[in-house]
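In: Let's see this in three dimensions:
(2 chains)
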There are 2 protein chains.
Amino acid sequence: MLFCDIGNTSYHFLKGKKEFKKAIDSFDPSTIKERIYYISVNRDVSQKLHLLENWIDLSSFIDWEKYYGTMGVDRIFAIEAVDHGIIVDAGSAITVDVVRNGVFEGGSIYLGLKAIECAYKNISPALETAINFELDMSCLPKNTKDAISYAYLKPLRDEVFSHNLPIVLTGGDANKLKKIFPEAKIETKLIFTSMKKMLNKERCD
Amino acid sequence: MLFCDIGNTSYHFLKGKKEFKKAIDSFDPSTIKERIYYISVNRDVSQKLHLLENWIDLSSFIDWEKYYGTMGVDRIFAIEAVDHGIIVDAGSAITVDVVRNGVFEGGSIYLGLKAIECAYKNISPALETAINFELDMSCLPKNTKDAISYAYLKPLRDEVFSHNLPIVLTGGDANKLKKIFPEAKIETKLIFTSMKKMLNKERCD
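Out: This is a model prediction of the structure:
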């Protein structure tokens, strides 16, 4: 069976146990002829896929009463896979969502790593830097790289720790964030797990 | 006497008590014929100004032993004006600097309001929003606008409050930030005050 999680920049496929990615700009979804279950946060791609009969949108199975209307479906699927924990999905944006005893309590949306580095560079070449994950966050920075890294990493770390829940990391930059959340569990296939769960539930209902 | 604080997007002038701004892209500094004292974080503009004899760069008066080499001169001048406090300079970037009993302890650099809104929009149209300064930060957000506003404002507020110092707000967006720092003192002319102080000191030494 084929699954696909469509983000802002890529199609992320799961075929059996094998994962692979295709760029949004260059991949033509009509080249896939078999049945494929997907979710998408990309409006342009979603419009195309609604015209293809073999692409089945799993977002129609969401119980929207538990969430809010404009919430990204990728966040919802990640949350559905976790019963008690804080989910940090590090993609082009980093979403931080709190689920306590099966109930979604809310969440926040940070800029992703690439977006943050790009945003500082766009302000001034003097602010062009890579985030320093080895930063000592216990003292105030005294250089530009660390002053930016501190403003980005400390809030994220403090927010996640403040909820005192098991931490689940997913998304393309999960491994990088593991450096500031050493106790976190990385689950790269979290959304696919949830898609399978949702599909099985619908079939049984 | 004429002073100018040059940022990434504009020339900010002070003539007597009157302030005015000119856009970096369209203003020609050689049209000013009188002596003018300036600081600049804009490398391109700095290169031009070094060729103009009447533009006097006050950054040459900085005691660099107190700061770090790549630190923005605007931050240094803001700090020089405050003996004991936390300075939040809300421009294209938002710098947060701690000065305790005359000693600079370090600081961090956040994205400015325009930069943050632009960066989310660039990730996805679904994340295009204006920051909500009326946000209740005591509970987790359940809509996209607040999820982004929470991720931006709460860290800034928590960081500033954590140092337990008088808060000084400056920069173009000082009035907007006043909403989350109601006890802060707004000082729009902080850098000019510091430029005058530096100039007088040099003349007396």
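
In: Where does the residue nearest to residue A:80 when sequence neighbours are not counted sit: helix, strand or coil?
Out: Computed as Cβ to Cβ, 6 or more residues apart in numbering or on different chains, the closest residue to residue A:80 that is not its neighbour in sequence is residue A:194, at 4.6 Å. In this view, the C-beta of every residue, glycine as well, is placed from N, C-alpha and C. Three-state assignment for residue A:194 (DSSP: H, G, I helix; E, B strand; the rest coil): helix.

In: How about the one 4 residues further on?
Out: Judged by three-state DSSP, the three-state class of residue A:198 is helix.

In: Which segments of chain A make up each domain?
Out: A:2-63+A:195-204, A:82-186 (automatic domain parsing).

In: Among those, which comes closest to chain B?
Out: Nearest of the domains of chain A to chain B, taken as Cβ to the nearest Cβ: domain A:82-186 at 2.8 Å.

In: before we move on, which element is residue A:79 in?
Out: Here residue A:79, judged by DSSP states H and E, is contained in helix A:73-80.

In: what mean pLDDT would you report for that helix?
Out: Averaged over helix A:73-80, pLDDT sits at 92.

In: C-alpha coordinates for it, CSV please?
Out: Extracted C-alpha coordinates of helix A:73-80, given in CSV (Å, rounded to 0.1, in the frame of the first residue of the first chain):
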residue,chain,number,x,y,z
VAL,A,73,-3.8,18.3,8.6
ASP,A,74,-0.2,17.1,9.2
ARG,A,75,-0.4,18.4,12.8
ILE,A,76,-3.7,16.6,13.3
PHE,A,77,-2.3,13.3,12.0
ALA,A,78,0.8,13.7,14.2
ILE,A,79,-1.4,14.3,17.2
GLU,A,80,-3.6,11.4,16.5
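
In: I'd like to know which elements it is packed against.
Out: Applying 3 or more Cβ pairs under 8 Å, 6 or more residues apart in numbering or on different chains; DSSP states H and E, one finds that helix A:73-80 contacts strand A:36-40, strand A:85-90, strand A:93-100, helix A:190-204.

In: Most tightly packed of these?
Out: Each of these was scored by mean neighbour count; the highest is strand A:85-90, a mean of 25, by mean count of other Cβ atoms under 10 Å in any protein chain shown.

In: Doesn't residue A:48 belong to a helix?
Out: Yes: under three-state DSSP, residue A:48 falls within a helix.

In: Now it: closest residue in space that isn't a chain neighbour?
Out: Residue A:48 sits nearest to residue A:29 (Cβ to Cβ, 6+ apart), 6.3 Å away.

In: From residue A:195, how far off is the residue positioned nearest the centre of chain A?
Out: Centroid check for chain A by Cα atoms, centre = their mean gives residue A:89 as the closest residue, at 3.4 Å. Plainly put, residue A:89 is 14 Å away from residue A:195 if you go by Cβ to Cβ, to the nearest Å.

In: Check the contact between the residue nearest to residue A:80 and residue A:73; I expect there is one.
Out: No: Residue A:194 is beyond contact range of residue A:73, at 10.3 Å (criterion: Cβ atoms under 8 Å).

In: can I get the CA coordinates of the helix or strand bottoming out on mean pLDDT in chain A in PDB?
Out: Least confident helix or strand, chain A: helix A:190-204 with a mean of 87, by mean pLDDT, DSSP states H and E. Output of helix A:190-204 as PDB, limited to C-alpha atoms (Å, rounded to 0.1, in the frame of the first residue of the first chain):
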ATOM      1  CA  LEU A 190       4.600   9.200  13.000                       C
ATOM      2  CA  ILE A 191       2.300  10.600  10.400                       C
ATOM      3  CA  PHE A 192       2.300   7.400   8.300                       C
ATOM      4  CA  THR A 193       1.500   5.400  11.500                       C
ATOM      5  CA  SER A 194      -1.500   7.700  12.000                       C
ATOM      6  CA  MET A 195      -2.600   7.500   8.400                       C
ATOM      7  CA  LYS A 196      -2.700   3.700   8.600                       C
ATOM      8  CA  LYS A 197      -4.500   3.900  12.000                       C
ATOM      9  CA  MET A 198      -7.100   6.300  10.500                       C
ATOM     10  CA  LEU A 199      -7.600   4.100   7.400                       C
ATOM     11  CA  ASN A 200      -8.100   0.900   9.500                       C
ATOM     12  CA  LYS A 201     -10.500   2.700  11.800                       C
ATOM     13  CA  GLU A 202     -12.600   3.800   8.800                       C
ATOM     14  CA  ARG A 203     -12.600   0.300   7.400                       C
ATOM     15  CA  CYS A 204     -13.800  -1.200  10.700                       C
END
